[in-house]
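Undergrad: give me coordinates for this.
(one chain, ligands or ions: 1)
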Amino acid sequence: IPQDTQPAYDVLIIGAGLSGVCSLYHIRKRFPTWRVKVLEAGTDVGGVWYWNRYPGCQIDTESLSYCFSFDKELLQEWEWTESFAKQPETQRYIKRVTEKHEMEKDMKFNTRIKSAHWNDRDHTWTFFDEEGEEYVTRFFVSCLGFLSSPTLPKIPGIADFRGKAFHTSRWPGDIDISRDFAGKKIGIIGTGATGIQTISALSKDPSLGSLSVFQRTANWSAPLRNTTISAEEMMIAKGGYDAIFQRCATTPAGFLHEADPRKSLEVTPEARVEHWEKLYNSPGFGKWLGVFSDTYTDREANDMYSAFMADKIRQRVRDPLVAESLIPKNHGFGTRRVPLETGYFEAFNKDNVHLVDLQKTPISRVTNLGIETDDGQLHELDILIFATGFDAITGAFGAIDWHAKDGRPLIVSRGSERYESAIWPDHRPKTFLGLSAPAMPNMLMVLGPHQPFGNGTRSIEHASAFICDMLAYCHDKGYTYFEPTTGAVDLWTEHVFDCGKTGLMNEIDSWMTGVNKNVEGKTERTVARYAGSAINYRKWCADCKEKGYEGFVFLE
Ligand code: NA7
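TA: Presented below is the predicted three-dimensional model:
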């Protein structure tokens, strides 16, 4: 390539969440002379921890196992104040990482990418942001995030509502709950992990007027059991980081928790309940992931555990009719992402918190005054909150206009002229190792489709390490182009689908199975994430690397 066509950047990283921060840290360390830039739509680092500022927003993975493992000095310096940090603390932590390593000089904020064009002649990508600014790069690392593209419900009349209305991940910065929510009638649509945290927090606010919860699907949820961490406890914890990260490396989802190898029916009823009680009373995801090994593959086992959890809800909710509405009927415990809560069910014991069960009375429309249900009732509201989730996994990719190899688009929905040439038609991803995609040369993804999600930071660190090694390989060999082969993509995608065939989770609609009825093309389930274990996943990646990045073609 002639000097005058050298791209401005060696690597562009898109997104400054945990993925972008981790990628920048490692790429800069490995290639100190490379021109690397992070482009970020927000005004600061943090990704999901930057955007999600709704009340009660909190991590439900233990913070000690969620932080970066690469900076031993910072691990000794940082003081977590709670086992499961609230959003501001996690955001401060990410900020501290970037400040300590002076990363912000290599980041550009307020920059949302609008389109991307592959240039086959000189093996570069050209990106354009919303302002029309151009960025030309040899390689790019997608750190777009898999829960970063919020979706609003398709309900007639939303634009007519005259009060304040907003999505939880676009919580207005100027809102002061005790001032702006005092005495007000609040409505919230959505009871996923976000809705459950928001409802729990708002219900505890003494200034709350009333809260109407519009629930379309009841969600299983169980206690987080957060605790504060004292200075002494933190001192002890600091000595345990290595063991924590080693443990996470041995569990299927990268968490501290893993299934009990026994099967539900192999143990006595007493031993079964004893185990479940222990999990229920312990902090964190153990009650989702630490259960008997057949809980998510054997329907009878799942029914038994679901019945145990349903009783817990009945014990916590005073009105038996409300309790029944809060108990999921269409899916078993743990077959969707289990939100962990603090006082969620007790919220419905308060006189000013009302459950509107949309299974019984669906929403017919939003009016200027509130929400009307099909029994003719108008639920008058001052503020309407949409906790309606995200165009998950592929959504952030879909928001960019891609002109990949041969001008191909990436995501196109059925009915469009370009459908036939789409790389991921109807949001159905095809990837190699969840790190690369066909016809998308020189792109590597962190937390891309077909990666194991689990404990996000553990997956991010693994992907960043693989990416650095692969970029070093290209550099050493003088390669300016890579792309996964059709054979490798087909083999991996088939394996991902095979892993997604078994398991009760794959039989249920949720963002994890690629369904979001508010998004065109996302009405049917697909396998958008790797449901095999992270351990198995890492073996596939190691094998690819050991065999000289078998599965990729390279060009000089
Ligand atoms: P989720 O888990 O996708 O939840 C979205 C919620 O919004 C869910 O209860 C939906 O009901 C509800 N929803 C969506 N559209 C509508 C309409 N039109 N009417 C009524 N209710 C609706 O998103 P979250 O933000 O809570 O969590 C996403 C992840 O972020 C979470 O799992 C964590 O990993 C972090 P539905 O179930 O579709 O009937």
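Undergrad: going forward, measure contacts and count neighbours with C-alpha atoms only.
TA: OK.
Undergrad: ok, now which ones touch the most centrally placed residue in the chain?
TA: To find the centre residue of the chain, average its C-alpha atoms and take the closest one (Cα atoms, centre = their mean): that gives residue 147, at 4.2 Å. Applying Cα atoms under 8 Å, 6 or more residues apart in numbering to residue 147 gives the contacts 48, 390, 391, 392, 393, 395.
Undergrad: close to the ligand: what parts of this protein are there?
TA: In this structure, the chain approaches the ligand at residues 153-154, 189-195, 216-217, 337, 387-390, 511, judged by Cα under 6 Å from any ligand atom.
Undergrad: from these, which land in strands?
TA: Secondary structure of the residues of the chain next to the ligand is defined by DSSP state E; positions in strands are residue 189.
Undergrad: now, the residues of the chain next to the ligand that are in helices?
TA: Assignment to helices by DSSP state H places the following of the residues of the chain next to the ligand there: 193, 194, 195.
Undergrad: any idea which of those residues has the most stuff around it?
TA: In terms of neighbours by other Cα atoms under 10 Å, those top out with residue 195 at 27 neighbours.
Undergrad: wait, what's in contact with that one?
TA: 188, 189, 387, 388.
Undergrad: return the member of those nearest to residue 127.
TA: Residue 127 lies nearest to residue 388 out of the contacts of residue 195, by Cα to Cα, at 30.1 Å.
Undergrad: for that closest one, the count of nearby residues, please.
TA: When neighbours are defined as other Cα under 10 Å, residue 388 has 22 of them.
Undergrad: how many other residues sit next to the closest residue to it other than its chain neighbours?
TA: Across the structure, with Cα to Cα, 6 or more residues apart in numbering as the measure, the residue nearest residue 388 apart from its sequence neighbours is residue 190 (5.0 Å). When neighbours are defined as other Cα under 10 Å, residue 190 has 22 of them.
Undergrad: does residue 190 touch residue 212 like I think?
TA: No: contact status for residue 190 versus residue 212: not in contact, 11.0 Å apart, counting by Cα atoms under 8 Å.
Undergrad: the biggest strand by length in the chain packs against which elements?
TA: Once the chain is assigned using DSSP E, the strand that runs over the most residues is strand 134-142. Contact here means 3 or more Cα pairs under 8 Å, 6 or more residues apart in numbering; DSSP states H and E; on that basis strand 134-142 packs against strand 9-14, strand 124-129, strand 443-445.
Undergrad: 10 Å instead, please
TA: Identification of packing neighbours for strand 134-142 by 3 or more Cα pairs under 10 Å, 6 or more residues apart in numbering; DSSP states H and E yields strand 9-14, helix 18-30, strand 36-39, strand 113-119, strand 124-129, strand 443-445, helix 456-477, strand 481-484.
Undergrad: okay if I get the ones you listed as JSON lines plus distance to residue 290 and mean pLDDT?
TA: Supplementary listing: the helices and strands packed on strand 134-142 in JSON lines, determined by distance: least, Cα to Cα, whole Å; pLDDT from 0 to 100:
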{"stretch": "strand 9-14", "distance to residue 290": "35", "mean pLDDT": "98"}
{"stretch": "helix 18-30", "distance to residue 290": "26", "mean pLDDT": "98"}
{"stretch": "strand 36-39", "distance to residue 290": "38", "mean pLDDT": "98"}
{"stretch": "strand 113-119", "distance to residue 290": "40", "mean pLDDT": "97"}
{"stretch": "strand 124-129", "distance to residue 290": "44", "mean pLDDT": "97"}
{"stretch": "strand 443-445", "distance to residue 290": "30", "mean pLDDT": "98"}
{"stretch": "helix 456-477", "distance to residue 290": "18", "mean pLDDT": "97"}
{"stretch": "strand 481-484", "distance to residue 290": "36", "mean pLDDT": "98"}
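Undergrad: point out the most buried one among the ones you listed.
TA: Per-residue neighbour counts averaged over each of the helices and strands packed on strand 134-142 give the maximum for strand 443-445, namely a mean of 25 (mean count of other Cα atoms under 10 Å).
Undergrad: who's in contact with it?
TA: The set of residues that contact strand 443-445 without belonging to it, under Cα atoms under 10 Å, 6 or more residues apart in numbering, is 11-14, 19, 125, 138-145, 431, 433-437, 451, 460, 463-464, 466-467, 470-471, 481-484.
Undergrad: in the stretch 1-150 of the chain, what residue lies closest to the ligand?
TA: Among the residues of the stretch 1-150 of the chain, residue 147 lies closest to the ligand, at 6.1 Å counting by Cα to the nearest ligand atom.
Undergrad: so that residue sits in a strand?
TA: No: going by DSSP: H, G, I helix; E, B strand; the rest coil, the assignment for residue 147 is coil, not a strand.
Undergrad: wait, residue 211 touches residue 202, no?
TA: Yes: using Cα atoms under 10 Å, residue 211 is in contact with residue 202, at 7.9 Å.
Undergrad: looking at it, residue 394 is touching residue 150, isn't it?
TA: No: in this structure residue 394 lies outside contact range of residue 150 using Cα under 10 Å: 11.9 Å.
Undergrad: those two: who's more crowded?
TA: Set residue 394 next to residue 150 and count neighbours by other Cα under 10 Å: residue 394 wins out with 26 against 18.
Undergrad: which positions in stretch 53-70 come out as buried?
TA: By neighbour count, and taking 16 or more other Cα atoms under 10 Å as the criterion, the buried residues in stretch 53-70 are 53-69.
Undergrad: what's the closest non-adjacent residue to residue 127?
TA: Excluding its sequence neighbours, the residue lying closest to residue 127 (Cα to Cα, 6+ apart) is residue 116, at 4.4 Å.
Undergrad: quick check: beta-bridge partners of the one you found?
TA: Listed by DSSP bridges, the beta-bridge partners for residue 116 are residue 127, residue 402.
Undergrad: ok, it - contacts?
TA: 125-129, 134-136, 400-404, 409.
Undergrad: what of residue 355?
TA: 211, 212, 213, 214, 215, 322, 323, 325, 326, 347, 348.
Undergrad: equivalent analysis for residue 175, please.
TA: Shown in contact with residue 175 (Cα under 10 Å, 6+ apart): residue 181.
Undergrad: now stretch 360-368, how far from the centre of its chain.
TA: Remark: stretch 360-368 is offset 29 Å from the chain centroid, using Cα atoms, centre = their mean, to the nearest Å.
Undergrad: counting neighbours, which bits of that stretch end up buried?
TA: Using 16+ other Cα under 10 Å as the test for burial, stretch 360-368 gives 361, 362, 363, 364, 365, 366, 367.
Undergrad: what does stretch 235-250 give?
TA: Taking 16+ other Cα under 10 Å as the neighbour-count basis, stretch 235-250 is seen to contain the buried residues 237, 238, 241, 244, 245, 248, 249, 250.
Undergrad: report the spatially nearest residue to the fifth one, omitting neighbours in sequence.
TA: The spatial neighbour of residue 245 that comes closest, neighbours along the chain excluded (Cα to Cα, 6+ apart), is residue 65 at 6.6 Å.
Undergrad: pretty sure that neighbour contacts residue 256?
TA: Yes: assessed by Cα under 10 Å, residue 65 is found in contact with residue 256 at 7.3 Å.
Undergrad: mind listing the shared neighbours of these two?
TA: Counting by Cα under 10 Å, 6+ apart, the common neighbours of residue 65 and residue 256 are 244, 245, 247, 248, 455.
Undergrad: from the ligand, how far off is the third one?
TA: As defined by Cα to the nearest ligand atom, to the nearest Å, residue 247 lies at a distance of 22 Å from the ligand.
Undergrad: secondary structure element for that residue?
TA: Assigned by DSSP states H and E, residue 247 falls within helix 241-248.
Undergrad: which residues touch that helix?
TA: Residues from elsewhere that reach helix 241-248 (Cα under 10 Å, 6+ apart): 64-69, 72, 75-76, 237, 249, 254-258, 455, 458, 534.
Undergrad: let me know the pLDDT of residue 5.
TA: Among the per-residue scores, residue 5 holds a pLDDT of 60.
Undergrad: which residues does the spatially closest residue to residue 126 that is not a sequence neighbour contact?
TA: Counting by Cα to Cα, 6+ apart, residue 136 is the residue found nearest to residue 126 once chain neighbours are left out, at 4.4 Å. Residues in contact with residue 136, defined by Cα under 10 Å, 6+ apart, are 5-12, 116-119, 124-128.
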